[in-house]
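Peer 1: Structure for the following, please:
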Amino acid sequence: MSVALRDAIKTMVKETFEGPPGEGSMFTESRPNSGIFGTLNQLSADEASIAVNETTIAAHADHTRFYLWGTNIILKDGKQPEMDWEESWKIHFVDEKRWKQIQEGLRHEYVTFWERIDTIEWNELLIKEALASLAHSAYHLGAIRQMLKAVKM
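Peer 2: The predicted structure is shown next:
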């Protein structure tokens, strides 16, 4: 993979999770903390457990963690692990402890992904996986931010 492509992926992944680097943005709001972590940090466990269209922000957050976990395995081993996609959506209520665990798990998978981008031997499959993970995470950021409007009413 070219250095320019690798760096572009890292920039977009960082914006998705941490928010924009300062003034301006590629696709999130320009204000600080508009990425996944900043958005989730403003929610209590009770708020993350409010159902919006039959799912919760907690479920979206954990599903994003689960997807990133799978991506990290693929980037490490070159093949997808067995994954129970339905199980990743079964979170309906979290207490503060579980909510913190979900956020910490998501941050761990993000850091692993971020670091792995620099260290793996890239091929077409791995590039596609990294780009899919970026798109998937950005989608869930958008979904969470839309749900936030209903939760914070």
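Peer 1: From here on, just use CA atoms for contacts and neighbour counts.
Peer 2: OK.
Peer 1: And for Met39, the neighbour number?
Peer 2: Residue 39: Thr, not Met. Other residues lying near Thr39 total 17 when counted by other CA atoms under 10 Å.
Peer 1: Equivalent analysis for Ser34, please.
Peer 2: Ser34 has 20 neighbouring residues, counting by other CA under 10 Å.
Peer 1: Would you mind listing where this structure has pLDDT under the threshold?
Peer 2: For the chain, the stretches with pLDDT under 70 are 1, 23-26, 28.
Peer 1: Regarding it, what is its longest helix?
Peer 2: helix 124-151 (DSSP state H).
Peer 1: tell me the contacts of Ala61?
Peer 2: Shown in contact with Ala61 (CA atoms under 8 Å, 6 or more residues apart in numbering): 102-103, 106, 140.
Peer 1: cool, and Thr56?
Peer 2: Thr56 makes contacts with 48-50, 91-92, as judged by CA under 8 Å, 6+ apart.
Peer 1: Make a PyMOL selection of the buried ones in these.
Peer 2: Those of the contacts of Thr56 that count as buried under 16 or more other CA atoms under 10 Å are selected in PyMOL with:
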select buried, resi 48+49+50+91
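Peer 1: show me what contacts Gly19?
Peer 2: Going by CA under 8 Å, 6+ apart, Gly19 touches 28-36, 38.
Peer 1: again, but for Gly70
Peer 2: Gly70 neighbours (CA under 8 Å, 6+ apart): 80-81, 83.
Peer 1: can you pick the most crowded of the contacts of Gly19?
Peer 2: Tallying neighbours with other CA under 10 Å puts Ile36 at the head of the contacts of Gly19, with 26 neighbours.
Peer 1: Leaving out chain neighbours, which residue sits closest to it?
Peer 2: Phe17 (4.6 Å; CA to CA, 6 or more residues apart in numbering).
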